[in-house]
Each structure stands twice: as C-alpha cells, then as structure tokens.
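J.: dropping a prediction and its sequence here:
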Amino acid sequence: MLIIVCYDVNTETREGRRRLRRVAKLCEGIGQRVQKSVFECRIDRAQFEALERDLVAEIRQDEDNLRFYRLAETRGCEVKEYGTFRAIDFDAPMVI
C-alpha cells in the first residue's frame, strides 16, 4: 500500500526540536521524503501499523499534528510533480 505521512511538530522548545528529529528519522527509515514534513511510504499492513504506533508514541497530541493518507493503488493512484524533486519509482527495477 502507498501511505502519505504528514506531520507538523511544535519546535518552540528544545524538546519539540528533538521530537521533530525523531519523527523525521522514523519516517526516513521507511519512506522517501517528498517535502520537509511529507513522506511517501510503500509498505505492507504490518509495517504501517508499526510506523503508526511508533509515530503516535513520539508526538505530543496536544502540540503536534500527524496525518496518514492511505492511497488505494487498485483505483489507479496518480501523482503529478512540478519542480526539481523526482520521486523514486518503487516499481522500477533496483540498480545497485
């Protein structure tokens, strides 16, 4: 499944800045950054549940915002890109 993870972490305090780094590191470990606080993740259900659990444990719900968008690939997900960033094609052959 394709998941979009978006977050906004309050960085007015030192602890908030640490939280932001931890949230970003969790997302970087499983997906690709497409904007500063937006990640695309092609993962299975177990990976999604683990990511969701880890991120919810990391944020402060009274200060931060965390959103997950699950895109149904069976309906033909279309992404239009403008600008310099080019996403990794998860379905393309991997070249090492």
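T.: Thanks, I have it.

J.: use CA for all of it now, contacts and neighbours both
T.: Will do.

J.: got the confidence number for Ile83?
T.: For the record, residue 83 is Gly, not Ile. For Gly83, the model assigns a pLDDT of 65.

J.: where do the helices sit along the chain?
T.: 14-28, 45-58 (DSSP state H).

J.: neighbours of Ala50, how many?
T.: 11 (other C-alpha atoms under 10 Å).

J.: same question for Arg17.
T.: For Arg17, using other C-alpha under 10 Å, the count is 14.

J.: and for Ile59?
T.: With other C-alpha under 10 Å as criterion, Ile59 counts 21.

J.: find the nearest non-adjacent residue to Gly16, please.
T.: Once flanking residues are discounted, Gly16 sits nearest to Asn10: 5.5 Å by C-alpha to C-alpha, 6 or more residues apart in numbering.

J.: Ala72 contacts Leu2, correct?
T.: Yes - assessed by C-alpha atoms under 8 Å, Ala72 is found in contact with Leu2 at 7.2 Å.

J.: mind showing which ranges of the chain have poor pLDDT?
T.: Scanning the chain with the threshold set as pLDDT under 70 gives 73-96.
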